[in-house]
Structures are given as structure tokens and as C-alpha cells.
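**Student:** Pasting a predicted model and its sequence here:
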Amino acid sequence: MVTPDLASEEDIAKLIIPDDLPNDEPSFKAYIEAKVYDKEGHLIQYHRQPMRSLTQYFLALMSIPIVGTYQGLSTNQAPGILVNVLGLPSQQYSYLTASYNSANILWGWSIRLGSGSQAFSVSLTGLAAPIANGTGTGELYYGALSVSYTSTSIIAMITVTNYSTSAISVTEIGLFANVYIQYQNSSNAYAYNTYSFLLSYDTFSTPISVPSNGLAAFQITLTFTG
Amino acid sequence: MPGDAYDTGKDVPTFRAYLIAIVRDSTGKVIKVHKQRSRSPTANFIGLLLPLTWFNYTGSSITITNINGGTCSYKPGMGSGPQDIAYPNSAYNHPTYLAMIQVGSGSQSNPSSATKLAAPIPNGSSSGQLIYGSVSIPDTVSVSGSSAYFYISQAYNNQSGATITITEVGIVLQLQLAIYNNTGSTNCGQVLVWYDVLSSSISIPNGGTLVIYYTFTVNP
């Protein structure tokens, strides 16, 4: 194919986000699933829907395995995407006077549930009405997040139990990340800073009702079809 | 299954990646624009994206394989034992950075398990080689409505004396792990994190240039 010459860099820039290419299978799929059990352990509701709403923070986090944490071999500064989107330092101060100092980065995930709803934006930072962790009225007791993966998928799941005396309705769900930067501080002691982000936000197409003394498992599956 | 069970069957992808290549002849005239959906993060990428939660939950590590076949073990964690991805600092650095968007003349059928290109084209001006320019990395995420994207790019110059045809492309990350207090570190080398076979081959004439863009977008 020979195309007409492009007039300017602006023309090229327009190619950066091409229109969706027809007759092409999606290269990424994401699902949210919820299973609700009553107090006898019977499955009473199963819900599955596509995830629709990844944030810019997801994009920035996933840039780390692509772009890295340095601008280049000889530039000891973090890429702008980490600084400008995630608010990470361009350079983490670490104790200068000892050779046994450096810095590193890692991250954990969590799933949180809510009882509200809000319009999506890529810069959304939290749920509209988070359901607190606990056993009181309107609270759910959050178990530990479990994560599994295959060569093309990452699956995160959390179980919550309703110890309150009334049913609790879950209408929104978010996948969060906690990013940790570890370093040696000016007292030559171990320290770390934590940065928290909302990676995805979705409202359920129908509310998930967790009965009193019932439990529910919420699972998010991210699949790259490869 | 209770009555509320359903599958919408209408999955809306919230993330997409695109590969765009622009070829110019020796006069600078654009002679080809290639666009395709990019599909294939490798197993290395998935492993590096995994949250701490998985490593704590399973107590396991993952094996990262570099483009030369070497391996390193990755098991991030808090404190003075684990080696995590190094971060820029004011003392001792172990740079982890985008090494290159590598191009090649081969192909392989299972991109997610790929650890190197099938037939990488070397950097140089000899026969069968391309001169690799520097990579461009994003300063930020560009936002438009509910969509957001960033892109990386690299340019190549063909001074080999003949046309060169590419059929595969991959993103290669230079990866270094370090304990926060630098009492241990591991250079994992250059790691293939993304791989695509081109839907049609791209020829770069002698004296011509190629620029490849990878665009990553959410909610397109």
C-alpha cells in the first residue's frame, strides 16, 4: 500500500489512536463476577458482567513493565508518566553517606465494595459510598484478597461476610492498588512511602444483595487474549 | 444455578493496544502506514504486573526469562530480604528502563510464551541490519473524555544497501531488581514483555526510515 504523503506531524499523531480496526477480536477482556451464599452456604445469586471502566492509573501502573522505572540507562529519574499521573517522586531520596542504599518499588491490589454510584472518569480516585470493613450495621467483613494468574490472565477475588442483622446491597466495585517505594531514610533506617490508586470502577447492572449472615465472593478477571 | 445467573455475551474491552508503523523513503516521503491491533503481552509482562498479594498468598516466585535465555527469580516483598524492581534514587541505582522496540524478520505462533524475537534484526548498517534510534517514552497519559492513552515509539534507519523486511515486533525492557538497602541486586537483562507478529510484512527501502508506535489505551 502506498499512501499519500502526510502533511505534518499532526497527521501522524492522529494515527496514534486509530479507529477501531474492524473484524478484529478484542485483545483484552475483563469480567466481574459475584457469587452470593446464604447462611446455610447455598448459592443464591450469581452475577457476571463485563468490566468497563479502567482508569488512567491502571494505564500508568501497567506502564512499569513496559517503560520501566527509569527514563533510561544513564538518567536516574523516573519516567514522566509515573511522576505526573501517579504522583511518584522522580527520584526517591535515599541515605547518601552509605553505599548500602538504593530504592525499589512494588505494589499490591485490593478490591473494595460500595453502596453508591457515580459517573465514571479516568481520574476517579474512589468509590461513591464505600462499605466499611466491620461487623456493624451497614458493614461487611472483608476477607483477604486472593490472586491467581495464568500466562494471559490475572484473577483477583475477595470474600465478604455480612455479620449485621440486615441485608446489604452492593452496587459498585473498585480495584485498587497500593504502590510502595522502599528506601533508606536520612536516619539510615528502613522506610517506605505508600501511594494508593483506583485502577478500575464499575457499578453493577443489578445490585448484589448479601443477606444477614450470608457471604459473597467478588472476582475480577483481566484477560489478555494473546 | 439460581435465576439471576447470566452472561451478557457482549464483552466490551476496556483496554486496547495498537501497533502503528510509518515507512518513509530516502526522500522522506511516507510510503506506507501500517496499523494493527496489538494483542500480546508476554508471560514476562503478566508476571511483572502481578501484585504483591499473589506472592504473599502463594509464597512463590516467578521466573523471568531474558532475550538471551538467561533467567532470574522475581519475588517482590517488603523489607530487607526481597529484591524488587529498582527505583531511581540519590544513592545507588540499578536502572530498569525501556531498552528498545525490537524488530525482526521471523515469527512464532505463541506470543504469550515468547521470550525473544524469532529472528531479531541487529542494530547496525551492515547487510540485514537497521540502525536503531532512541526510544521515546511518555511524559504523561493523554486523556480525552473517558478514554486515556500513552504511546512509546522508536525510529529505525536502513543504511544496509538493500530493502529490509520486518515481520515481528517486540518491546524489550531492561530489568534490574534490588533490595532497598542495596545489600543485594540482580540484573535480569533485557526482557521481552510484548510481542506481535505483523498482519502483513513491512519493507523499508535502502535509505528509508521506519517509525514504530505502540499505543496503549483504556476505554477507547
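**Tutor:** It's in. Computed from a predicted structure; not experimentally measured.
**Student:** Give the bridge partners for the residue nearest to the spatial centre of chain B, please.
**Tutor:** With distances taken as Cα atoms, centre = their mean, residue B:171 lies nearest the centre of chain B, 2.4 Å away. Per DSSP bridges, the residues bridged to residue B:171 are residue B:101, residue B:194.
**Student:** which residues touch it?
**Tutor:** Contacts of residue B:171 were listed using Cβ atoms under 8 Å, 6 or more residues apart in numbering or on different chains, and they are A:66, B:98, B:101, B:102, B:152, B:192, B:193, B:194, B:195, B:214. Every C-beta, even on glycine, is put in place using the N, C-alpha and C of the backbone.
**Student:** In chain B, where is pLDDT below threshold?
**Tutor:** B:1-13 (pLDDT under 70).
**Student:** Okay, helices next: where are they in it?
**Tutor:** With DSSP state H as the criterion, chain B has helices at B:43-49, B:52-58.
**Student:** of these, which approaches residue A:47 most closely?
**Tutor:** Taking Cβ to Cβ, helix B:52-58 is the member of these nearest to residue A:47, at 23.2 Å.
**Student:** May I have that closest one as PDB, with CA atoms only?
**Tutor:** Output in PDB follows, covering the C-alpha atoms of helix B:52-58 (Å, rounded to 0.1, in the frame of the first residue of the first chain):
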ATOM      1  CA  LEU B  52       2.400  -8.400  45.900                       C
ATOM      2  CA  THR B  53      -0.800 -10.100  47.000                       C
ATOM      3  CA  TRP B  54      -0.100 -13.100  44.800                       C
ATOM      4  CA  PHE B  55       3.500 -13.500  46.000                       C
ATOM      5  CA  ASN B  56       2.400 -13.300  49.600                       C
ATOM      6  CA  TYR B  57      -0.600 -15.500  49.100                       C
ATOM      7  CA  THR B  58       1.300 -18.300  47.400                       C
END
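**Student:** what's the burial count for whatever residue of chain B ends up closest to chain A?
**Tutor:** Relative to chain A, the nearest point of chain B is residue B:139 (3.3 Å; Cβ to the nearest Cβ). Residues within reach of residue B:139, counting by other Cβ atoms under 10 Å in any protein chain shown, total 14.
**Student:** who's in contact with it?
**Tutor:** Listed by Cβ under 8 Å, 6+ apart, the contact partners of residue B:139 are A:79, A:80, A:81, A:84.
**Student:** Go again with 6 Å.
**Tutor:** residue A:80 (Cβ atoms under 6 Å, 6 or more residues apart in numbering or on different chains).
**Student:** that older thread, quick check, nearest of the contacts of residue B:171 to residue A:93?
**Tutor:** Closest approach between the contacts of residue B:171 and residue A:93, by Cβ to Cβ: residue B:98, at 24.4 Å.
**Student:** which residue packs closest to residue A:141, ignoring adjacent ones?
**Tutor:** What sits nearest to residue A:141 in space, not counting adjacent residues and going by Cβ to Cβ, 6 or more residues apart in numbering or on different chains, is residue A:161, at 4.5 Å.
**Student:** what separates the one you found from residue A:145, distance-wise?
**Tutor:** Distance from residue A:161 to residue A:145, counting by Cβ to Cβ, to the nearest Å: 15 Å.
**Student:** More neighbours: the two, which one.
**Tutor:** residue A:145 (22 against 17).
**Student:** wait, doesn't that one sit right on residue B:54?
**Tutor:** No - Residue A:145 is not in contact with residue B:54 according to Cβ atoms under 6 Å; the separation is 9.3 Å.
**Student:** hang on, the earlier thing: may I see the contacts of residue B:171 arranged in JSON lines, with neighbour count and distance to residue B:31 as well?
**Tutor:** Below are the contacts of residue B:171 laid out as JSON lines (neighbours: other Cβ atoms under 10 Å in any protein chain shown; distance: Cβ to Cβ, whole Å):
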{"residue": "A:66", "neighbour count": "25", "distance to residue B:31": "29"}
{"residue": "B:98", "neighbour count": "23", "distance to residue B:31": "27"}
{"residue": "B:101", "neighbour count": "23", "distance to residue B:31": "20"}
{"residue": "B:102", "neighbour count": "24", "distance to residue B:31": "22"}
{"residue": "B:152", "neighbour count": "22", "distance to residue B:31": "23"}
{"residue": "B:192", "neighbour count": "24", "distance to residue B:31": "29"}
{"residue": "B:193", "neighbour count": "26", "distance to residue B:31": "30"}
{"residue": "B:194", "neighbour count": "27", "distance to residue B:31": "26"}
{"residue": "B:195", "neighbour count": "31", "distance to residue B:31": "26"}
{"residue": "B:214", "neighbour count": "21", "distance to residue B:31": "21"}
